[in-house]
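In: Below is the sequence, then the predicted model.
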Amino acid sequence: MLSRTPPMGFNTWNTFGEEISDSVIRETADAMVDLGLRDAGYEYLVIDDCWSKRERDPESGKIVPDENKFPNGMKAVSDYVHSKGLKFGMYSCAGTRTCADYPGSFDHEFLDARTFAEYGADFLKYDFCFKPETANGPLLYRKMGMALKACGREILFSACNWGSDEVNTWIRSTGAHMYRSTGDINDSFASFRDIALSQVDNLAYSAAGCFNDIDMLTVGMYGKGNVGSAGCNDTDYKTQFALWCMFGSPLMLGSDIRKMNDYILSLVTNKNLLRINQDEEARPAFASSGKAGKTPCFVKLLSNDEIALMFANLTDEDAHVQLYFENIGITAASGFGLEMKDAFTDECIGVKKEFMRMRLAAHDCAVYICKLKK
Ligand code: GAL
């Protein structure tokens with residue numbers, strides 16, 4: 001079964017946009033292995049938009065790689081990625097053109113799926129630009145879902161219609177293994193905060209086999225790249241990564257991995273956070289207040305009777321964040337409290353009862369893995 005837990009990997013779009021090439025992919029694959037990212041679970045290396053020529057091959061009708069960017073063809077790139085013990089991902093679009101105006105798969109779904117299988121692709125991101133007006137959105141995803149089943153290779157299907165057409169109510173039935181639920185992220189605190197908060201009511205539309213994808217991470221971009229803006233600082237990235245882990249989103253790195261610094265590396269390989277994201281029961285998180293707010297506490301039940309808690313200050317000033325245990329089902333009368341381990345320091349802070357309140361700096365967060373204890 002694919003996508004038993006949220007898929008993890010890297011995608012070229014956030015940093016490279018159209019500046020992709022054979023060497024960028026090979027160097028990224030090398031870095032994913034050398035830095036230990038592959039061994040931490042980041043297995044898919046996905047080439048996003050802009051990899052092909054502007055038009056299909058007139059004779060075969062196939063999409064063809066741009067030979068200036070990929071002079072050895074796509075199979076050679078895929079073989080290299082596989083030789084590093086990684087999986088290879090491609091990109092296309094349900095409309096007539098991709099978002100950056102390259103050929104889309106509309107009316108060529110079965111041919112394109114076979115082409116991706118010939119490349120040795122293990123993953124397909126499938127976008128939603130240039131959809132003919134009369135075309136039915138869900139049916140377009142059903143077509144590619146069928147085409148992938150017919151292509152002779154197991155390919156993870158990553159849908160990307162940005163949450164339109166109430167995607168969460170039907171996408172799982174198309175065979176998709178993950179689905180974008182929001183518009184595009186950019187590298188700013190406001191962007192990722194708003195994306196995350198927009199999905200608080202949709203966290204339960206995500207489970208083994210098909211996960212709600214809140215977009216590729218900007219963690220470690222510092223304003224550089226293709227979706228750059230002001231950029232973020234390390235506190236912001238800590239909170240972004242913790243939110244993505246708590247929300248059970250796929251973890252697709254988007255920064256230039258070849259230049260990843262030690263802080264970002266330790267953040268994205270943090271064993272406690274990855275355990276929360278990859279928990280086998282894949283239960284949705286919920287907000288303790290029942291709704292999205294700027295000083296939320298999110299709760300996610302894990303296997304082995306553990307409970308993950310995240311306290312976040314999503315305001316631009318210092319703030320108190322608090323949780324009343326009664327609000328998440330731990331009654332005072334039960335006598336139980338929570339034994340808490342800090343996910344960032346591994347420090348055990350003992351058993352807390354009835355409530356937890358803390359002061360957090362602007363944009364900061366705290367994450368704990370807890371057990372019920374008397
Ligand atoms: C957008 C998509 C982005 C990226 C881009 C490529 O629609 O949401 O993640 O794939 O297209 O042009």
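Out: Perfect, I can see it now.
In: Those residues of this protein touching the ligand, which are they?
Out: For the chain, the residues found near the ligand under the criterion CB under 6 Å from any ligand atom are Trp13, Asp48, Asp49, Thr98, Cys99, Ala100, Asp127, Cys129, Cys160, Trp162, Asp184. C-betas here are computed from N, CA, C, even on glycine.
In: and with 5 Å instead?
Out: With CB under 5 Å from any ligand atom as the criterion, the chain meets the ligand at residues Trp13, Asp48, Asp49, Cys99, Ala100, Asp127, Asp184.
In: just the residues you listed now: which is nearest Ile328?
Out: Using CB to CB, Asp184 comes nearest to Ile328 of the residues of the chain next to the ligand, at 32.8 Å.
In: Flag every buried residue along stretch 269-277.
Out: For stretch 269-277, the neighbour count (16 or more other CB atoms under 10 Å) marks Thr269, Asn270, Asn272, Leu273, Leu274, Arg275, Ile276, Asn277 as buried.
In: How about stretch 335-349?
Out: Phe336, Gly337, Leu338, Glu339, Met340, Lys341, Ala343, Phe344.
In: how close does the first one get to Ser255?
Out: Translated: Phe336. 41 Å (CB to CB, to the nearest Å).
In: and Met252, which of the three is it?
Out: What DSSP: H, G, I helix; E, B strand; the rest coil gives for Met252 is strand.
In: what mean pLDDT does stretch 58-68 have?
Out: Averaged over stretch 58-68, pLDDT sits at 98.
In: and for it, what are the contacting residues?
Out: Among residues not part of stretch 58-68, those counted as contacts by CB atoms under 8 Å, 6 or more residues apart in numbering are 50-53, 56-57, 73-74, 92, 102-103, 105, 108, 111-112, 115.
In: and if you look at stretch 229-241?
Out: 186-189, 191-192, 217-224, 263-264, 267-268, 270, 273, 312, 314, 344, 361-365.
In: can you do 7 Å?
Out: With contacts defined as CB atoms under 7 Å, 6 or more residues apart in numbering, stretch 229-241 is touched by 186-189, 192, 217-223, 263-264, 267-268, 273, 312, 361, 363-365.
In: would you list the buried residues of stretch 269-277 in CSV and tack on secondary structure and pLDDT?
Out: What follows is these, written out as CSV (DSSP: H, G, I helix; E, B strand; the rest coil; pLDDT from 0 to 100):
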residue, secondary structure, pLDDT
Thr269, coil, 99
Asn270, coil, 98
Asn272, helix, 98
Leu273, helix, 98
Leu274, helix, 99
Arg275, helix, 98
Ile276, helix, 98
Asn277, helix, 98
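In: Tell me how far Ser3 lies from the ligand.
Out: 18 Å (CB to the nearest ligand atom, to the nearest Å).
In: Which parts of the stretch 251-374 of the chain are strands?
Out: Under the criterion DSSP state E, counting those that start in this stretch, strands of the stretch 251-374 of the chain are mapped to 251-253, 286-287, 297-301, 306-312, 319-324, 337-342, 348-352, 355-360, 365-373.
In: Quick one: those strands as JSON lines, columns for mean pLDDT too.
Out: Converted to JSON lines, the strands of the stretch 251-374 of the chain look like this (pLDDT from 0 to 100):
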{"stretch": "strand 251-253", "mean pLDDT": "99"}
{"stretch": "strand 286-287", "mean pLDDT": "98"}
{"stretch": "strand 297-301", "mean pLDDT": "98"}
{"stretch": "strand 306-312", "mean pLDDT": "98"}
{"stretch": "strand 319-324", "mean pLDDT": "98"}
{"stretch": "strand 337-342", "mean pLDDT": "98"}
{"stretch": "strand 348-352", "mean pLDDT": "97"}
{"stretch": "strand 355-360", "mean pLDDT": "97"}
{"stretch": "strand 365-373", "mean pLDDT": "98"}
